[in-house]
Every structure is written in structure tokens, then in C-alpha cells.
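Asks: I need the structure of the sequence given here:
(2 chains)
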Protein chains: 2
Amino acid sequence: MGPSSTYPSVPYWSPIPVFETIAIVGATGAVGTLIRQMLAERDFPYQRIKFLASARSAGTTVEFKGEKHPVEELLPDAFNDIDLAIGSTPDEVAAEFCPWAVERNCVVVDESGYWRMDPKVPLVVPEINPEAALAHQGIISSPNCSTTQMVLAMKPLHDAGKIRRVIVSTYQATSGAGVAGQRDLERGSRAFLDAEDYEYETFAHPIAFNLIPQIGSHKHEGYTSEEMKMVYETQKIFGDDSIKVCPTCVRVPVSNCHSESILVETEKKITVDQARELFAATPGIKVVDDLPSGSYPMPKDCAGDDATFIGRIREDLSCDNGLAFWCVSDNLRKGAATNAVQIAELMVKNAAAV
Amino acid sequence: MGPSSTYPSVPYWSPIPVFETIAIVGATGAVGTLIRQMLAERDFPYQRIKFLASARSAGTTVEFKGEKHPVEELLPDAFNDIDLAIGSTPDEVAAEFCPWAVERNCVVVDESGYWRMDPKVPLVVPEINPEAALAHQGIISSPNCSTTQMVLAMKPLHDAGKIRRVIVSTYQATSGAGVAGQRDLERGSRAFLDAEDYEYETFAHPIAFNLIPQIGSHKHEGYTSEEMKMVYETQKIFGDDSIKVCPTCVRVPVSNCHSESILVETEKKITVDQARELFAATPGIKVVDDLPSGSYPMPKDCAGDDATFIGRIREDLSCDNGLAFWCVSDNLRKGAATNAVQIAELMVKNAAAV
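Replies: All right, here's what the predicted structure looks like:
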């Protein structure tokens, strides 16, 4: 479960320093681009900002607050003067660069899957376990996109009725496989409609007008790595291994926004009206739920929004204490960039309070 | 639940006569077209065949066994000389024509949703409850497409371990909304890619590159009519109201073949190996299940096949006696035309045995 790489234990991160220089690692990717936008939009405080990426992108420029900035190569010494880095890179890149940062007294908010299950690394959704972020030892992980929206939806129900079990089937967008995934869907769809061949870059099977019931690799007794993330990460975020999760992760021909059909069983019964009130009162959640008028969350309506949308709330017909609902969220935002920036904001708030 | 229309009780259908004249009602539709193909392919026995459709299609011709045949208007007296009719029409048409047929001693195998829950009407999947078909009183119903593939998958597990509960999330193709639904997906997708407007004919929301978590109308406490069909029809087919079903039905941008993420809880534990053997030994089911090699059922591979495909078989991580799997089937075939023709074949076998 845990990562095989290690990083030095650095207990001196508490209290957290004020961040003078921040950096975005993987600044040119789909999520990196959104992180740039968000830092600007949300007026994130810093004195200097740096943009790091692989050697391939180093030397190019990225836009930030209307100006072009150079992209520097991701090398150990790049972190010499950085206080806070927000990383969105492949797992193998994060395995390498996070220790470089920590050794140089730089706190990393990491979007990758590499460090999430390390016992030294807090896994944080700010609406759920902000206190965990403050107990970090240099690295703080942001959960997998399919986990984040689910645990956010679970949070008010868990507080009110203690969730024992979750059954979830996902409908995941191609943006989860990055810009190349979205391009694959667009080009593959056009080729299909024109009866032409198309060679997919990121998917093992055609995704245009098709479904792929596999995301990630085979991980555990018939479950994929994506599915096991939803199990392990949920338990870690809630700090409760007794929450059982049975996930089915499916890639669908949608460009952006993951959707999830979720059923939760709680110890204490929660009615539909209570659930609707609990959801509506939770920061980060928007309720769109009026079936008779055809109103519910759909991917086309949720892209570009930081919220997690919930609808189709109803009592489980198969269990007394069950509640079923439908949950859609922009997986590049709350599932990635938004959550990472929110974690970084927690760090700043803490620094300001010291 | 039941239909509001009625039809005369006709106990004299047993024993069943030999069918001289058969008819396809709704012969020009998507399912009607497949029924024509199947009657030809499977060499269905009859002496005379008639093709009926609405006034709009009457006077046109349809092809059958390489010849053109006239389409007659669906009127009461059209059934005067018909012994067996296979109907695939909208509910409101079936409500009207089925009593016309029964009054004229014609047995109807009806694909519509209208009569399915009538206590006088058997609801039949030949692999599950063939005996029910023989106790008919003039009308025999074929289940909804999303139900048929699920109950077929449930059958061997129910026999081996008694299913108590089913949680199902569907990924339903646009062909479930007929030829116009498939056309909507194609034209809507092309328009989307070309950044043009498109007005959908059959869907309340755009389906291209989107998901619609509603199929049918609001029916019961937050559940749609499509979802409640999966509940009621499953119980009726198995003759067991104690089977609890919690469905979520979602339309996805796939042209043909419904997919379902299914979790069943059984009284007696069934292991993955047992389940795989049970599925493989069930007529009508094909197992495609090798996750490490990326092998599982996908809509693009299942169209045009009469089988129900099952893969991703694994133990539920959230319940001791749970089993999760992924199920794909051509909803126009086993979900409609194939099942109706199989029911008609049951009638013929019975007639031959008298």
C-alpha cells in the first residue's frame, strides 16, 4: 500500500514559516494550468513565484497574472529558496522531487498518488480534516479525484449518522487521463463518426462511444488501483478503517467532470429531507435535486465550478439505513487543483496565526 | 403499478394451438426490424406472416427473407386470422392492440412495458421462468431491457446462494430510446465537435459527451419509472418479493448495449471462482473476465450478440456475502428482440408437444 521511497523526517515544520517563495511543480500540465489560474483568482499570498516542469518543458514560458514567466527545470537545487511547492506530476516524478523539496525545508502539497498512503503524510480534504494538514512532516497529499468528491459528499452524512458502508460506481471523464485523454476522446469520436481509424494515445481501448470498466492497473483481488484508492484514501481521510467501500470505476466518453452513483449505509437513519439539508449546509457542496422537473447534476453543467454537486437523493430501497445519491464534480478542480490550493491556503492561514 | 386497461380473461389458451399465422406488430421499428431478422435467422416455424404498424407506416414495405412484404395498418380486425403476434410498440399502443388480439384468439408476446405487472400476464425470461409463459391468458410480457440482462446474470447466483439484495448502477445506451435516440447521439456529437447547435429529438438534455441520470419519468419516492421497472420486474420474474433491488439508471453517450455495475448479496456465500463457473454454465451468458490482460465486456464488443456478457467478477469489499460484477448486453437483442422471439419459440415447442 505505502510508497517504497522515503524522505527525511523533519519535525521542525511546526510552527510553519511564512511563505516567501512558492512554486508550482508540473506548471505546464492540465492541473498545473488550473493551479496557476486559481492562485491568481484567489489572490494567494506570496512574495515570489516559480514555475517548475520536466526538462522537456523547461525553457518555455507560462502565463500567470497576465505576464509570461520562464519555466525552470525540476532539479534538486530548484528548491533551495522555495518555501511552499504545489505539485501536480506523475507518481514517479513526485517520488523523486518531494524528498528534494523536504530536504531543503520546502513544504510540498502533492497532487500525485505516490505519497498518499505514507503514514508520515497527511491526506487532506480541507472541509473534512484540516487539522491533519497541520501535523505534516514536509509533505501533504491531496486525494485522488474520484475519492475527493465522494468523501466530501460523505462528510455530513458521516457526522450525522456514522457511515458503515459505501457502494460506489463511477462514471469518470477522460480529463482524468490529462489533456491527452481529452484529446483522445475528441479525436477518437470524430474518427468514429467519419468511419476512420484512430490510434488512442492514453487508453488501452477505444473510449469514443464506449465504456472502459478499468482505470489504473490490477491492484487487489480483482480491483483496480483506482478502485483501491477509493477504499484506502477514504479510510485514511476519515481516520476510520471500519468504513467499508466497494467501488467500481468506469471510464466514460465524457471530456470533463467525474460522476458517481453512491449508496451509503449509516448506523443512524438519515432521511432524504435531513440529507438534503445536511448537504446544503456543507461548504463545497451544491444540491441540484428536483427529479420531476428534470433537475440533477450533469457533467456538462459542472465543469469550471469548484463545487461538488449532489442530486437524485433518495432512500435506498434495499436497506433500512441506506441513502442513494448522484454526485458530479469537476475532477480537475475540486478533484485536483482546487483541493491542492485549499490545502496551501490552510498552511498560510496557520502561518498567519503564528 | 399495474395497467389501468384490462383485457378479457381467456382460459381456453391451454393447450396452445399450432400457430398458422404469425405477425410482427411494430414491424418497422428498431426492435421490429431485429425481430424480423431473428425469425428468419432462427428459422421460426409459421405458415403465413403479417407485418403490422401504425397508420403512418401502413402501405410501405419491409424486407423479410429477401423479399418485400406490405405493412398493414394496426387495426382490430387485422388480428382476425393471426395466431401469434410479437409486439414491439410504445406502451399506449400495446394497451390498445393487445386486447384486440386476445379477443380474436391471438396470443401476444409483448415487448412494451404496459402489461408487465398485470397479475394475469406472465413476465418471462426463457432461461429463468419458461413455465410461467405456459400459464398465460393471451398476453405474455418480455421484461424491460435493463431488467433482462440483470436477472439473467442473477439467475445462477440466486439458484446457488439465494439473492437477498441487488445494488445496480446502469450505463444505458441511446438505442434504448430507439433509432431516434441513436440518431440524436450521432448528430449531437457531431454538432458538439463542430461547435454547432443541435436540438435533441428524444432526450431532455444533451447526451453527447454528457450523462443523464434520469431514464423515464419520476415514479416512486425519488426513483424513475426505469428504475422501478428493475425493482418490480425482478421480483415478478423470480416470483420472490423478498429480493430487494436498489437501482440507479443513467443514460450514457454510447449508441448500443447497456452496461450495468451490479452488486448482489446472497444468503449463502458464493466465491469468485464459483460465480465464474456458475456464469459460464448458464445458457445465454458469456464470461469475459481477465482484468490483468485488460479483458472485460465493453459495449463496442457486445453489439450484435444475443449473449449477456459478464466480467470484473470480484468479492464485495464491504460485505461478507457480496459479489460485484460488470454486465453488458445488446439491449435491442437479449433486452428486447431476442427475448421476445425466445418466448415465441417456447410457445411453439409447447404447441408441438401437445
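Asks: now A:D43: how far from chain B?
Replies: 33 Å (C-beta to the nearest C-beta, to the nearest Å). Every residue, glycine included, has its C-beta placed from N, CA and C.
Asks: Tell me how far A:Y200 lies from chain B.
Replies: In terms of C-beta to the nearest C-beta, A:Y200 sits 12 Å off from chain B.
Asks: I meant to write A:G335 there.
Replies: Distance from A:G335 to chain B, by C-beta to the nearest C-beta: 16 Å.
Asks: you'd agree that residue is in a helix?
Replies: Yes: membership of A:G335 in a helix is supported by DSSP: H, G, I helix; E, B strand; the rest coil.
Asks: List the residues that contact it.
Replies: Taking C-beta atoms under 8 Å, 6 or more residues apart in numbering or on different chains, we find A:G335 in contact with A:N144, A:C145, A:S146, A:T148, A:Q149, A:G176, A:H258, A:S329.
Asks: Find me whatever residue is spatially closest to the last one, sequence neighbours aside.
Replies: What sits nearest to A:S329 in space, not counting adjacent residues and going by C-beta to C-beta, 6 or more residues apart in numbering or on different chains, is A:Q149, at 3.8 Å.
Asks: Got the confidence number for the residue at the greatest distance from the centre of chain A?
Replies: Most distant from the centre of chain A: A:A195, at 35.8 Å, with distances by C-alpha atoms, centre = their mean. pLDDT for A:A195: 97.
Asks: A:C257 now?
Replies: Reported pLDDT for A:C257: 98.
Asks: Burial check on it, number of neighbours?
Replies: By other C-beta atoms under 10 Å in any protein chain shown, 30 other residues sit near A:C257.
Asks: Please tell me how far it sits from A:I82.
Replies: Distance of A:C257 to A:I82, computed by C-beta to C-beta, to the nearest Å: 32 Å.
Asks: In the stretch 101-250 of chain A, what residue comes closest to chain B?
Replies: A:G222 (3.1 Å; C-beta to the nearest C-beta).
Asks: residues in contact with that residue?
Replies: Counting by C-beta under 8 Å, 6+ apart, A:G222 has contacts B:V272, B:L291, B:R312, B:I313, B:R314, B:E315.
Asks: Would you report which members of those residues are assigned to helices?
Replies: Judged by DSSP state H, the subset of these located in helices is B:V272.
Asks: Nearest to chain A among the contacts of A:G222?
Replies: B:R314 (3.1 Å).
Asks: Which strand residues bridge that closest one?
Replies: Counting by DSSP bridges, B:R314 forms beta bridges with B:A324.
Asks: you'd agree it is up against A:H218?
Replies: No: with contact defined as C-beta atoms under 8 Å, B:R314 does not count as touching A:H218 (10.5 Å).
Asks: okay, those two: which has more neighbours?
Replies: B:R314 (23 against 17).
Asks: check contacts around the more buried one.
Replies: Counted by C-beta under 8 Å, 6+ apart, B:R314 has contacts A:E221, A:G222, A:Y223, B:V272, B:L323, B:A324, B:F325.
Asks: Filter those residues down to the buried ones.
Replies: Among those, those scoring as buried are A:G222, A:Y223, B:V272, B:L323, B:A324, B:F325 (criterion: 16 or more other C-beta atoms under 10 Å in any protein chain shown).
Asks: check contacts around the second one.
Replies: A:Y223 makes contacts with A:V231, A:P247, B:R314, B:L317, as judged by C-beta under 8 Å, 6+ apart.
Asks: how about the residues you listed, which pair is most distant?
Replies: A:V231 and B:R314 (12.3 Å; C-beta to C-beta).
Asks: Please enumerate the strands of the stretch 201-350 of chain A.
Replies: A:218-220, A:223-224, A:244-248, A:258-266, A:285-287, A:308-315, A:322-329 (DSSP state E, counting those that start in this stretch).
Asks: right, and the ones you listed - which one's nearest B:R165?
Replies: With C-beta to C-beta as the criterion, B:R165 lies closest to strand A:322-329 of the strands of the stretch 201-350 of chain A, at 9.7 Å.
Asks: can you tell me if the host helix or strand of A:D184 touches chain B.
Replies: Assigned by DSSP states H and E, A:D184 belongs to helix A:178-193. Yes: using C-beta under 8 Å from any C-beta of the partner chain as the criterion, contacts between helix A:178-193 and chain B involve A:L185, A:E186, A:S189, A:R190, A:L193.
Asks: can you tell me which residues contact the closest residue in space to the third one that isn't next to it in sequence?
Replies: Nearest residue to A:S189 in three dimensions, chain neighbours excluded: A:A208, at 4.2 Å (C-beta to C-beta, 6+ apart). With contacts taken as C-beta under 8 Å, 6+ apart, A:A208 has the following neighbours: A:L185, A:G188, A:S189, A:A191, A:F192, A:Y198, A:P253.
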